[in-house]
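Chemist: What follows is a predicted structure for the sequence shown.
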Amino acid sequence: MIGEKNTGARADSQRIPIHAGRISIVKRAVIDVTVSNAMGLHARPASLLVRTASRFHSDVSLVKDGEPVNCKSVLALMMLSAGMGTPLQIIAEGEDAEEAAGAVEKLFLDKFGEE
């Protein structure tokens with residue numbers, strides 16, 4: 001039935017009714033990362049994150065201490081005050097969630113090209 005949880009669905013997907021008789025799958029990807037570049041999330045890495053996340057349709061957030069911020073907003077990212085060693089979570093939700101989270105993760109793994 002529409003709206004009932006499908007036990008065969010992957011843990012990172014939810015079934016959400018769109019119209020009567022039609023169901024859409026919303027994908028969700030979650031990746032843990034640590035800020036490893038020496039200067040942390042200053043303006044340049046924040047702008048790279050925004051540019052990367054904005055290429056995707058999915059909503060992308062970074063979570064610090066349980067508080068999510070929009071990864072498509074430089075100001076929101078700067079407000080994180082995430083210095084070197086800060087643990088964060090990337091959460092992407094939408095049709096291209098896995099690709100979006102992976103692209104953001106790659107920036108962290110590459111230390112935003114700073115080292």
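Modeler: Yep, it's here. Numbers count the residues shown, from 1 in each chain.
Chemist: CA only for contacts and neighbour counts going forward, please
Modeler: OK.
Chemist: Break down this protein into its helices, ranges please.
Modeler: Using DSSP state H, the helices of the chain run over 43-53, 74-79, 97-109.
Chemist: Relative to Val30, which of these is closest?
Modeler: Of all the helices of the chain, helix 97-109 sits nearest to Val30, with 7.2 Å by CA to CA.
Chemist: any idea of the angle that closest one forms with helix 43-53?
Modeler: Counting by axes from the mean of the first three to the mean of the last three CA atoms, to 10 degrees, helix 97-109 lies at 160 degrees to helix 43-53.
Chemist: Now do the buried residues in stretch 105-115.
Modeler: Across stretch 105-115, burial judged by 16 or more other CA atoms under 10 Å covers Glu105, Leu107, Phe108, Lys111, Phe112.
Chemist: check contacts around the second one.
Modeler: If a contact means CA atoms under 8 Å, 6 or more residues apart in numbering, then Leu107 has Leu48, Leu49, Gly113 as its contacts.
Chemist: Show me where this protein has its strands.
Modeler: 13-19, 22-34, 59-64, 67-70, 87-93 (DSSP state E).
Chemist: would you turn those strands into TSV with mean neighbour count, distance to Ala53 and mean pLDDT?
Modeler: Below are the strands of the chain laid out as TSV (neighbours: other CA atoms under 10 Å; distance: least, CA to CA, whole Å; pLDDT from 0 to 100):
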stretch	mean neighbour count	distance to Ala53	mean pLDDT
strand 13-19	14	20	48
strand 22-34	16	13	84
strand 59-64	22	6	98
strand 67-70	17	9	97
strand 87-93	22	9	98
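Chemist: Need the ones you listed in a markdown table (columns: distance to Glu99).
Modeler: Shown next, in a markdown table, are these (distance: least, CA to CA, whole Å):
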| stretch | distance to Glu99 |
| --- | --- |
| strand 13-19 | 15 |
| strand 22-34 | 9 |
| strand 59-64 | 11 |
| strand 67-70 | 17 |
| strand 87-93 | 9 |
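Chemist: quick one, which of those is nearest to Ser81?
Modeler: Taking these one by one with CA to CA, strand 59-64 is closest: 9.4 Å.
Chemist: That concludes my questions; thank you for your assistance.
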